[in-house]
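# Make a model of this:
(chains A and B)
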Amino acid sequence: AQSVTQLGSHVSVSEGALVLLRCNYSSSVPPYLFWYVQYPNQGLQLLLKYTTGATLVKGINGFEAEFKKSETSFHLTKPSAHMSDAAEYFCAVSAASGGYQKVTFGTGTKLQVIP
Amino acid sequence: DTAVSQTPKYLVTQMGNDKSIKCEQNLGHDTMYWYKQDSKKFLKIMFSYNNKELIINETVPNRFSPKSPDKAHLNLHINSLELGDSAVYFCATTRGAEQYFGPGTRLTVT
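Okay, here's the model as predicted:
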């Protein structure tokens, strides 16, 4: 069984401020972890992913996330928020199940960027 | 080239009608999914097909029937539409564990 918890359904930051979106997961097998972004009226697109290797992963648009196994976390950060970062962000965990990769999404965090 | 496409983008229909949503991918991926995203943005998996074979069938009313005529297509047919079916439906494919989403179909049942 696997699950994803995103803390905070809404996060507001000022333009230029640090962005921190929190994600904790549970998985009975080593997981793959993802962050997806959804802009209004669009589908989800991949921001970044962790599979194996380096625990600090960099993605598009200046975002990065760090896999911390001891804390079962995969928080998303960006040093300086831009107005264009306003969107819905989804954390996801994927793990092998019955020969296939089963993906579970978090409930999403809406990021608001204040000018 | 659109990797995952869905038609129609918007669908407005009345309760009790039957409708279909089509999905096509040109990525050559073996596995395709249907997700439902409700008004609170919660994303729930409905079905998954691998090489035209149904591999995931979550708790979905049997009014929903997926059909995969070939590896590149996964269609969703919905019978006797209800108000609660109003949502955005996303098709997705996967390579490994990474998902590639279509633009979504916004279904509104009146």
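
# Would you map the strands across chain A?
A:2-7, A:10-14, A:19-27, A:32-38, A:44-50, A:56-58, A:64-68, A:73-78, A:87-97, A:100-105, A:109-114 (DSSP state E).

# Using JSON lines, lay out those strands together with mean pLDDT, mean neighbour count and distance to chain B.
For glycine as for every other residue, the C-beta is placed from the backbone atoms N, C-alpha and C. Formatted as JSON lines, the strands of chain A follow (pLDDT from 0 to 100; neighbours: other CB atoms under 10 Å in any protein chain shown; distance: least, CB to the nearest CB, whole Å):
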{"stretch": "strand A:2-7", "mean pLDDT": "93", "mean neighbour count": "17", "distance to chain B": "11"}
{"stretch": "strand A:10-14", "mean pLDDT": "97", "mean neighbour count": "14", "distance to chain B": "11"}
{"stretch": "strand A:19-27", "mean pLDDT": "96", "mean neighbour count": "19", "distance to chain B": "12"}
{"stretch": "strand A:32-38", "mean pLDDT": "95", "mean neighbour count": "23", "distance to chain B": "4"}
{"stretch": "strand A:44-50", "mean pLDDT": "94", "mean neighbour count": "20", "distance to chain B": "5"}
{"stretch": "strand A:56-58", "mean pLDDT": "96", "mean neighbour count": "14", "distance to chain B": "13"}
{"stretch": "strand A:64-68", "mean pLDDT": "96", "mean neighbour count": "18", "distance to chain B": "14"}
{"stretch": "strand A:73-78", "mean pLDDT": "98", "mean neighbour count": "21", "distance to chain B": "14"}
{"stretch": "strand A:87-97", "mean pLDDT": "90", "mean neighbour count": "22", "distance to chain B": "4"}
{"stretch": "strand A:100-105", "mean pLDDT": "83", "mean neighbour count": "20", "distance to chain B": "4"}
{"stretch": "strand A:109-114", "mean pLDDT": "97", "mean neighbour count": "17", "distance to chain B": "8"}
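
# who wins for proximity to B:E53 among those strands?
Counting by CB to CB, B:E53 lies closest to strand A:100-105 out of the strands of chain A; the figure is 10.7 Å.

# Okay, now the sheet partners of that closest one, with direction.
Looking at strand A:100-105 with DSSP bridges, its partner strands are strand A:87-97 (antiparallel).

# Grab the nearest non-local neighbour of residue 90.
Using chain A here. Distances taken as CB to CB, 6 or more residues apart in numbering or on different chains place A:Y36 nearest to A:F90, at 4.6 Å, with adjacent residues excluded.

# look at chain B instead
Counting by CB to CB, 6+ apart, the nearest residue to B:F90 once its immediate chain neighbours are dropped is B:Y35, at 4.4 Å.
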